[in-house]
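just to be clear, the model below is a prediction. Sequence and coordinates:
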Amino acid sequence: MSSRRALITGITGQDGLYLSELLLSKGYQVHGLIRGQNNPKRVLVEEISPEIVLHEGDLTDFASIARALKASDPDEVYNLGAVSFVAHSFRSALHTSNVTGQGALNVLEAIRLHDPDNRIRFYQASSSEMFGKVQETPQTETTRFYPRSPYAAAKAFAHHMTVNYREAYGMHASAGILFNHESPRRGPEFVTRKITQAVARISLGLQDEIRLGNLDAARDWGFAGDYVEAMWLMLQQDEPRDFVIATGELHTVRDVLEIAFAHVGINGWAAHVATDAEHLRPSEVDHLVGDSSEARAHLDWEATTSFETLIKGMVESEVTAH
Ligand code: NAP
Ligand code: F7E
């Protein structure tokens, strides 16, 4: 029996790892594009399965994407690769635009040339950050974008190119507009992981304080394992289209602190938290919350992990790791 093949860019990232596990469990042959000649995160992919086939390449290098497509001959391509840290994108706007924006176009164009019969199905990792300075609440598939960072502007470009390749060339190309999703595999620079890691260390006497930026920022935080399921479901639909994937619940950075500290038995977290202007952004996104009614109706998808369970689980995982 020949199994389905998937090619994932960004396979070493949080979502790439969860998606690899999901696709392997469904019997897929999984291929990944991996950056650099000796990527230190290669080991994370190999821990999931030594059977995953890695192809060296970079989203800014069109030829390397074309080579990976030829070698893997996939049925599905998931474009998860990106410079994904919003704060960093302000310091590296051109690079972010090349990787997160034009990188997606490189993948679309490589697929178009490799597969003129449109056999390949394509997923683009779009982001709630595109809503930025929100024009309505909650945000849906039709809410107008108002990007507030180089990252968000690059994602908006990639999103529009995905829609354009679908409409112009009939490609089965879909974009998931995903709201924040977290896990113990989240990069340590993102606020939920930064807090849960620090709280575990404070509870173990290894650290005294956490330095943070805007504590009033509010997000719709879900569990990454739930969200990769939505990516896969989108590519199983007969017709390609875009979906908002979110929990519909809004919480602040303060709520993350409250739950994480309480879980290790520390009340009065203020003594352990300092605010530091270094972590403020030149233009901030104050609050984002999504409406996933379309995903519920058409994909039968729903977030299954509550915010509290997510944050407590991340703290537990850090305590165990120390
Ligand atoms: P992540 O952990 O930051 O992973 C990013 C991945 O992109 C890594 O595998 C990284 O590989 C790769 N990458 C970076 N630059 C590259 C380049 N030049 N060429 C090829 N690959 C490159 O991100 P994530 O949280 O898993 O998110 C997955 C995708 O969804 C991203 O596109 C992100 O922007 C988007 N998204 C995320 C969220 C969220 O809340 N997590 C929400 C909406 C959208 P290295 O090992 O080389 O660093
Ligand atoms: O920040 C505030 C910060 O960096 C969340 C990416 O996956 O989700 C992610 O982007 C909020 C912001 O995620 C600190 O200002 C306060 O308002 O965890 P974050 P993000 O910027 O929302 C979207 C959907 C993506 O697509 C992105 O790729 O928390 N905040 N103090 C802080 N944030 C950080 N990182 N560090 C702080 O010290």
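Received, thanks. Computed from a predicted model, the values in this text were never measured in an experiment. Ligands and ions are numbered 1, 2, ... in the order given.

please report how far residue 233 lies from residue 226.
Per Cβ to Cβ, to the nearest Å, residue 233 is found 11 Å from residue 226. C-beta coordinates here come from the backbone N, C-alpha and C atoms, glycine included.

now the helices for the stretch 1-150 of the chain?
14-25, 42-48, 62-72, 86-91, 93-96, 103-114, 150-169 (DSSP state H, counting those that start in this stretch).

what distance do you get for the closest residue to residue 257 other than its chain neighbours to residue 305?
By the measure of Cβ to Cβ, 6 or more residues apart in numbering, the closest residue to residue 257 outside its immediate chain neighbours is residue 269, 5.1 Å from it. Distance, residue 269 to residue 305, by Cβ to Cβ: 23 Å.

count the neighbours of whatever residue of the chain ends up closest to ligand 1 for me.
Proximity of the chain to ligand 1 (Cβ to the nearest ligand atom) peaks at residue 13, 2.1 Å away. Residues lying near residue 13 (other Cβ atoms under 10 Å) number 22.

wait, doesn't it sit right on residue 80?
Yes: between residue 13 and residue 80 there is a contact under Cβ atoms under 8 Å: 6.1 Å.

neighbours around the residue nearest to residue 282 when sequence neighbours are not counted, how many?
Nearest non-adjacent residue to residue 282, counting by Cβ to Cβ, 6+ apart: residue 90, 5.5 Å away. Residues contacting residue 90 under the criterion other Cβ under 10 Å number 15.

contacting residues around residue 90?
149, 150, 281, 282 (Cβ atoms under 8 Å, 6 or more residues apart in numbering).

for residue 284, see how far away it is.
11 Å.

how near is residue 208 to residue 273?
From residue 208 over to residue 273 (counting by Cβ to Cβ), the distance is 11 Å.

ok, these two, which is more surrounded?
Set residue 208 next to residue 273 and count neighbours by other Cβ under 10 Å: residue 273 wins out with 19 against 11.

report the separation between the closest residue in space to the more buried one that isn't next to it in sequence and residue 252.
Nearest in space to residue 273, with sequence neighbours left out and distances taken as Cβ to Cβ, 6+ apart, is residue 210 at 5.5 Å. Distance, residue 210 to residue 252, by Cβ to Cβ: 15 Å.

interface residues of this structure facing ligand 1?
9-16, 33, 35, 39, 41, 58-60, 80-84, 99, 125, 127, 178, 180-181, 187 (Cβ under 6 Å from any ligand atom).

skip ahead from the helix or strand where residue 225 lies and say which helix or strand is next.
Residue 225 belongs to helix 224-235 when assigned by DSSP states H and E. Going down the chain from helix 224-235, the next helix or strand is strand 243-245, by DSSP H and E.

what pairs with that next one, parallel or antiparallel?
Counting by DSSP bridges, the strands paired with strand 243-245 are strand 172-178 (parallel).

which residues does the strand it pairs with contact?
With Cβ under 8 Å, 6+ apart as the test, strand 172-178 has contacts from 108, 118, 120-128, 130, 139, 141, 159, 162-163, 165-166, 227, 230-231, 234-235, 237, 240-246, 290.

closest to ligand 2 out of the contacts of residue 90?
residue 281 (5.4 Å).

so who does the closest one touch?
Contacts of residue 281 (Cβ under 8 Å, 6+ apart): 86, 87, 90, 149, 213, 214.

how about 10 Å then?
Residue 281 makes contact with 86, 87, 89, 90, 148, 149, 213, 214, 217, according to Cβ atoms under 10 Å, 6 or more residues apart in numbering.

only the buried subset of those residues, as a ChimeraX command please.
The buried residues among the contacts of residue 281 can be selected in ChimeraX (16 or more other Cβ atoms under 10 Å) with this line:
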select :86,87,89,148,149,213,214,217
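
would TSV of the contacts of residue 281 with distance to residue 301 be doable?
Output for the contacts of residue 281, formatted as TSV (distance: Cβ to Cβ, whole Å):
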residue	distance to residue 301
86	25
87	30
89	28
90	33
148	27
149	27
213	32
214	30
217	26
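
which of the contacts of residue 281 are close to ligand 2?
86, 87, 213, 214, 217.

between residue 233 and residue 226, what contacts are shared?
Contacts common to residue 233 and residue 226, judged by Cβ under 10 Å, 6+ apart, are 245, 301.
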